[in-house]
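Enquirer: using only what follows, build the 3D model:
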Amino acid sequence: MSDVTPRDMMGIMTNSSRTLAGLQQNLRRNLCQTYFGGRTRNPTYDEIETCTERSSEELRTSFKSLFDGAQVSPDVDVVESNLSLYRHTMRKIIHLTFNGEESNFQDNLMRHLENMFCIFIRMNESILRGKRPALVDHLLKFMGSGGGFFSLVMGSVEGGNPLDPMINMAVQHCQITQEQIDQFVMNPKPQTTQADNVS
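Expert: Numbering: from 1, shown residues only. The predicted structure follows:
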């Protein structure tokens, strides 16, 4: 989504009214151009599902890189779990973008993103054997090695890790139940062997 710049992302995170004021229109335009063939009408259910599947597949490599070498709980697929959470997040963003009232779009979007970020933290704390320190370590390595915007942010922070206060604040202010977290946790897919293919 080329019109949503790193400056916009910082504006979203800091709840900048100037950024958020035009965000709904920018998101609608970018979603139409990127995933819905340039059509301006509201997407259908099938189109939304196709969009979320396509965009999640585009992120698969990034999630694999983020959790490379992670020690996880038995019978849990950390990449698939995060992709499941991402698809839910994306569906809700599309719904808000095309159907949300402009007057409360900002509040609804921020509330959704805050809740999803909290679930992201809590879910991965439960999946990773090292809990929150392991998650922070993976995030710091991923952001620091990715270049571009995130590397600039990491390089500008002196004396301490910028994620800890952000994560602490997110978890403290969100009321998330275990049921909300568990719906996204995915088991590994069964491995297909050569014997399975013999009829």
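Enquirer: what's the local residue count around the closest residue to S73 other than its chain neighbours?
Expert: Nearest residue to S73, sequence neighbours excluded (C-beta to C-beta, 6 or more residues apart in numbering): I127, at 5.5 Å. Just so you know, the C-beta spots here come from the backbone N, C-alpha and C atoms, and that holds for glycine as well. I127 sits with 23 neighbouring residues when counted by other C-beta atoms under 10 Å.
Enquirer: and the residue nearest the centre of this protein?
Expert: Central residue of the chain (C-alpha atoms, centre = their mean): Y86, 4.7 Å from the mean position.
Enquirer: who touches the residue nearest to it when sequence neighbours are not counted in this structure?
Expert: Nearest non-adjacent residue to Y86, counting by C-beta to C-beta, 6+ apart: S56, 5.5 Å away. Applying C-beta atoms under 8 Å, 6 or more residues apart in numbering, we find S56 in contact with L83, Y86, R87, M90.
Enquirer: and these, which is closest to N168?
Expert: The closest of these to N168 turns out to be Y86 (C-beta to C-beta; 22.9 Å).
Enquirer: which strand or helix spans the closest one?
Expert: Element membership of Y86, judged by DSSP states H and E, is helix 78-99.
Enquirer: same deal with V171?
Expert: If you go by DSSP H and E, V171 is part of helix 163-173.
Enquirer: repeat that for R29.
Expert: Secondary structure (DSSP H and E) places R29 in helix 23-35.
Enquirer: now that helix: mean pLDDT?
Expert: In this model, helix 23-35 carries a mean pLDDT of 86.
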